[in-house]
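Peer 1: Just a sequence and a predicted model for now, questions to come.
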Amino acid sequence: MTIRSLRASFAACLWAAATLASAQTWPDRPIRIVVPAPAGGSMDVIARVLGDAMQPSLGQPIVVDNKPGGMGMLGVNEMLAAPRDGYTVMAHLSGAVSEIPHLVKPRFDPFKDIKPIAQLASSGLLLVGGPQLEARTLKDLVAHVRANPGKVSIASYSTGTVSHTLGVELNALAELDMQHVGYKGAPPALQDVMAGHVPLMFDGPGTSVPMVKAGKVKAFAVTTAQRMPALPDVPTFAEQGFPAMTQVIWVGLWVASDVPAAVQARLRDAALKALQQPAVRERLTALGMEPGLPVTTDELTKSLRTASERQASTLKSINFKPE
């Protein structure tokens, strides 16, 4: 072995020892969770609930920093601009990897530069309709749409997202001809559904569940494999003959991929412990979400690749072009 290689080996050992020592004393100051959404929304609430519950395990305050905008990319860029020491992490939807890169070209590699280390909460979407619709079941609704080809529209909270592509998939599976109407956000779209301007919409539970419970919209089906605890009377698509419409989105705790492995493990362990707390699980259920499962990072990444491929295929089927 040459002197140069000995020096390189010695330097590598010193670096590894320093990294290990740093990880063992980590954290020694507050941790920041970047949320790429405004305060008060479901993702923000999830981050704050889990952040509070993780503090006892980590022994340091956890603060939430809202960075909305850029279709969620501002938050990702904020995390990637920070030092790779685990003191800046992110709570973000799985769509950060499975949806958004099909709509805009990010400045990072979604499968290399960022990494989900824990699933915090998961949910499906609901097919909801305005109270003026006479249809009471999905079967009734399909018959109504078939009887009015090209005359029934369906809203999405943003063109190109899963809220849009689920409508495309239902069109194909049920041989329908619903016309898509894209909005900029769930609240204005849902408002138009409630007012009868647009009859249907695929929406997330954070905005739709309260409106369903208040009788302001009807829920015809959910895309989860099992019924949502928040709406136990609403059947799944699979129960009603459309198993291919099963789809789940989730909120994860993300880090830059090159954050030290020992620090990632500490964060993941704290998140999983927090998810076992009854108060945390009750709060997530009240939001219409299921508490996150203790799936591995590899399993989360595999699910992201599957969802991304599905999204790409559906968008290609309608010759979708990013704006």
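Peer 2: Yep, that arrived. Numbers count the residues shown, from 1 in each chain.

Peer 1: From here on, just use CA atoms for contacts and neighbour counts.
Peer 2: Will do.

Peer 1: show me where the stretch 151-300 of the chain has strands.
Peer 2: Ranges of strands in the stretch 151-300 of the chain, per DSSP state E, counting those that start in this stretch, are 153-156, 179-182, 200-203, 218-222, 249-256, 290-291.

Peer 1: quick one: low-confidence parts of the stretch 101-250 of the chain?
Peer 2: Across the stretch 101-250 of the chain, nothing is flagged by pLDDT under 70.

Peer 1: and the strands of the stretch 151-300 of the chain as CSV, adding distance to L125 and mean neighbour count?
Peer 2: Formatted as CSV, those follow (distance: least, CA to CA, whole Å; neighbours: other CA atoms under 10 Å):
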stretch, distance to L125, mean neighbour count
strand 153-156, 11, 24
strand 179-182, 16, 18
strand 200-203, 5, 29
strand 218-222, 6, 26
strand 249-256, 8, 24
strand 290-291, 12, 22
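
Peer 1: Output the longest strand belonging to the chain.
Peer 2: strand 114-123 (DSSP state E).

Peer 1: That one packs against which elements?
Peer 2: In terms of contacts (3 or more CA pairs under 8 Å, 6 or more residues apart in numbering; DSSP states H and E), strand 114-123 is packed against helix 42-58, strand 249-256, helix 261-275, strand 290-291, helix 297-317.

Peer 1: Mind checking those for the one nearest to V97?
Peer 2: Distance to V97, taken as CA to CA, is lowest for helix 297-317 among the helices and strands packed on strand 114-123, at 6.7 Å.

Peer 1: Could you find the closest non-adjacent residue to G129?
Peer 2: Among residues not flanking G129 along the chain, L200 sits closest, at 4.3 Å (CA to CA, 6 or more residues apart in numbering).

Peer 1: I'd guessed the one you found sits against L126; true?
Peer 2: No. The criterion here is CA atoms under 8 Å, and L200 misses it with L126 at 10.2 Å.

Peer 1: Report the beta-bridge partners for the residue nearest to G129.
Peer 2: Beta bridges link L200 to G129, I154, judged by DSSP bridges.

Peer 1: Roughly how far does the spatially most central residue of the chain sit from G129?
Peer 2: The centre of the chain sits closest to L93, judged by CA atoms, centre = their mean, with a distance of 2.6 Å. The gap separating L93 from G129 is 25 Å, by CA to CA, to the nearest Å.

Peer 1: try R146
Peer 2: R146 is 16 Å from G129, where distance means CA to CA.

Peer 1: Which of those two has more residues huddled nearby?
Peer 2: G129 (28 against 17; other CA atoms under 10 Å).

Peer 1: For that one, give its distance to P149.
Peer 2: Here G129 is placed at a distance of 17 Å from P149 (CA to CA).

Peer 1: Give me the buried stretch members for stretch 204-221, please.
Peer 2: Under the neighbour-count criterion of 16 or more other CA atoms under 10 Å, stretch 204-221 has 204-212, 216-221 buried.

Peer 1: That one: end-to-end distance?
Peer 2: End-to-end distance for stretch 204-221: 12 Å, by CA to CA.

Peer 1: Please state the offset of that stretch from the chain centre?
Peer 2: Averaging C-alpha positions (CA atoms, centre = their mean, to the nearest Å) puts stretch 204-221 19 Å from its chain's average.

Peer 1: and if you look at stretch 240-257?
Peer 2: Stretch 240-257 has its average C-alpha position 7 Å from the chain's average C-alpha position, going by CA atoms, centre = their mean.

Peer 1: what's next to that stretch, contact-wise?
Peer 2: Stretch 240-257 is contacted by residues 43, 79-80, 84, 86, 88-95, 112-125, 138-139, 166, 169-170, 173, 223-225, 237-238, 264, 292 when judged by CA atoms under 8 Å, 6 or more residues apart in numbering.

Peer 1: can you check stretch 127-143 too?
Peer 2: By CA under 8 Å, 6+ apart, the surrounding residues in contact with stretch 127-143 are 144, 174, 176, 193-196, 198-203, 208, 215-222, 240.

Peer 1: just to revisit the earlier point, who wins for proximity to F108 among the strands of the stretch 151-300 of the chain?
Peer 2: Go through these one by one with CA to CA and the one that ends up closest to F108 is strand 249-256, at 10.6 Å.

Peer 1: tilt between that closest one and helix 42-58?
Peer 2: If you take axes from the mean of the first three to the mean of the last three CA atoms, to 10 degrees, strand 249-256 sits at 50 degrees to helix 42-58.

Peer 1: Just want the angle from strand 249-256 to strand 114-123.
Peer 2: In terms of direction (the same axes, to 10 degrees), strand 249-256 departs from strand 114-123 by 160 degrees.
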